[in-house]
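Chemist: sequence first, then the predicted structure, then my questions.
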Amino acid sequence: MLHMDSFGSLFLTLSFCAILLLPLSCCAELPENHMAFFIFGDSLLDSGNNIYLNFSGTLNFPYGETFFKHPTGRVCDGRIVPDFISEYAKLPYIKPYLEPGFTDYTNGVNFACAGAGVLPETHPGTLYFKLQLNYFEEVVKGLKQQLGDAGARKLLSKAVYLFSIGGNDYNAIQNNPEATASFRKMYMTMVLGNITEGIKQVYALGGRKFAFQNVGPIGCMPATRAASGSEGCVHNPTVIAKMHNIALSRLLKRIKHGRPGFKYALFDYYTSLTMRTLYSSKFGFKAGMSACCGSGPFNGQFSCGKMNGTTSVYNLCSDPSEYVWFDAAHPTEMANRQLASLLWDGPSRTVGPYNMKMFFEMS
């Protein structure tokens, strides 16, 4: 028969053993300086979500030829902007949310998807912006299970959030004969309204450090110029991109008021890529107006990697690093490296009021 003292000792021993047997995920702790990186957007930031969807054609070689040596789902010959940011921040490359078996979200998640718009109807079948945000909510639940509520709150508040979306929405109305000036203004208001709601949603879930890549020079892309037959940048898409970017800058200033801890970095991706397109030699490139891979005028047709039987139906340059554009609408790895460097710690006229380096160095 056990005495009370013996029973107490046995109870404590069994309790201690039970604690040891608890799964580590319930109380995992991360290093004090650990910082996650969450990415929302379109093909400019997509690290591979598109390959798990049925909406788009497969990205075959030569996509991925420069760095990974095989296609990865990145619409590029190599690395994209978030890959370089991850390198600078000493993080692994952030995995796409749809990658099978991916459940450890402590380094962050990439929700961006090729073809994605802010508006669901821009490209049905993609991970449009609201769907990316819904998946982020699921990730937050997973982090709470893994780290506990306090641990998840800490990770989410220290994390950096990068957004680049909207270009596909404006491309979608380029050839719409009903897209009058008043329609474009109303459409832009709708796009920006949805972006605003998305920012508020991430903030409500704990996000505090937001980085934005504004809409790029969609009027200067080889695809746009090939379709219009224009040697220079096309007027209407150029105007709406500029209007969006001015409005986005004002919007972020408004959002900041009344939201304690909200900090943002706005990167002038538009000007940075336009300058490289128009004055390529000043930035170390040999070609700014034509793409490395594609067909037709300026290699501006989306034929890169496509085959007709055993015959390729596209042109391919010998050295993508000499080109600003890899295909009809996406920069090369070399251009992405330069753009990422500006987003990381470029001058205040290019990125501000914060930059990514400041965000990752904040406690």
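Modeler: Sure, I can see it. Since this is a predicted model, take the numbers as computed values, not measurements.
Chemist: rest of the way, CA atoms for contacts and neighbours
Modeler: Fine.
Chemist: buried ones in the longest helix seen in the chain?
Modeler: Ranked by residue count under DSSP state H, the longest helix found in the chain is helix 129-158. Neighbour counts over helix 129-158 (16 or more other C-alpha atoms under 10 Å) mark 129-130, 132-133, 135-136, 139-140, 142-148, 151-158 as buried.
Chemist: what about the helices in the stretch 251-363 of the chain?
Modeler: 269-278, 333-345, 356-361 (DSSP state H, counting those that start in this stretch).
Chemist: now render those as CSV, adding mean neighbour count and mean pLDDT.
Modeler: Formatted as CSV, these follow (neighbours: other C-alpha atoms under 10 Å; pLDDT from 0 to 100):
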stretch, mean neighbour count, mean pLDDT
helix 269-278, 20, 98
helix 333-345, 22, 98
helix 356-361, 19, 98
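Chemist: rebuild those helices as JSON lines, extending it with distance to Leu205.
Modeler: JSON lines is the format used below for those (distance: least, C-alpha to C-alpha, whole Å):
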{"stretch": "helix 269-278", "distance to Leu205": "27"}
{"stretch": "helix 333-345", "distance to Leu205": "25"}
{"stretch": "helix 356-361", "distance to Leu205": "18"}
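Chemist: ok, which of these comes nearest Asn176?
Modeler: Nearest to Asn176 among the helices of the stretch 251-363 of the chain is helix 269-278; the distance by C-alpha to C-alpha comes to 23.2 Å.
Chemist: off-centre distance for the closest one?
Modeler: Centroid displacement of helix 269-278 relative to its chain, using C-alpha atoms, centre = their mean, to the nearest Å, is 18 Å.
Chemist: ok, residues contacting that helix?
Modeler: 213-217, 220, 282-283, 287-289, 324, 339, 350 (C-alpha atoms under 8 Å, 6 or more residues apart in numbering).
Chemist: grab the nearest non-local neighbour of the most centrally placed residue in the chain.
Modeler: Central residue of the chain (C-alpha atoms, centre = their mean): Leu45, 3.3 Å from the mean position. Spatial nearest neighbour of Leu45, excluding adjacent residues (C-alpha to C-alpha, 6 or more residues apart in numbering): Ala112 at 5.8 Å.
Chemist: output the lowest mean pLDDT helix or strand found in this structure.
Modeler: helix 4-21 (a mean of 44; mean pLDDT, DSSP states H and E).
Chemist: check which element follows that one along the chain.
Modeler: Per DSSP states H and E, the first helix or strand lying C-terminal to helix 4-21 is strand 37-41.
Chemist: in the helix or strand containing Tyr187, which residues are buried?
Modeler: Element membership for Tyr187 (DSSP H and E) is helix 181-204. Across helix 181-204, burial judged by 16+ other C-alpha under 10 Å covers Arg184, Tyr187, Met188, Val191, Leu192, Asn194, Ile195, Gly198, Ile199, Gln201, Val202, Tyr203.
Chemist: quick check: Ala114 vs Gly294, distance?
Modeler: 18 Å (C-alpha to C-alpha, to the nearest Å).
Chemist: need the next SSE after the helix holding Tyr187, C-terminal direction.
Modeler: strand 209-213.
Chemist: next, the buried residues of the following helix or strand past that next one.
Modeler: Using DSSP H and E, the next helix or strand after strand 209-213 towards the C-terminus is helix 222-228. By neighbour count on 16+ other C-alpha under 10 Å, the buried set for helix 222-228 is Pro222, Ala223, Thr224, Arg225, Ala226.
Chemist: and the residue nearest to Cys304 when sequence neighbours are not counted, how many neighbours?
Modeler: Nearest residue to Cys304, sequence neighbours excluded (C-alpha to C-alpha, 6+ apart): Gly294, at 4.6 Å. Gly294 has 26 neighbours, counted by other C-alpha atoms under 10 Å.
Chemist: related to what we said a few turns ago, please check the contacts of helix 269-278 and keep the buried ones.
Modeler: Gln213, Asn214, Val215, Gly216, Pro217, Cys220, Ala287, Gly288, Met289, Val324, Leu339, Thr350.
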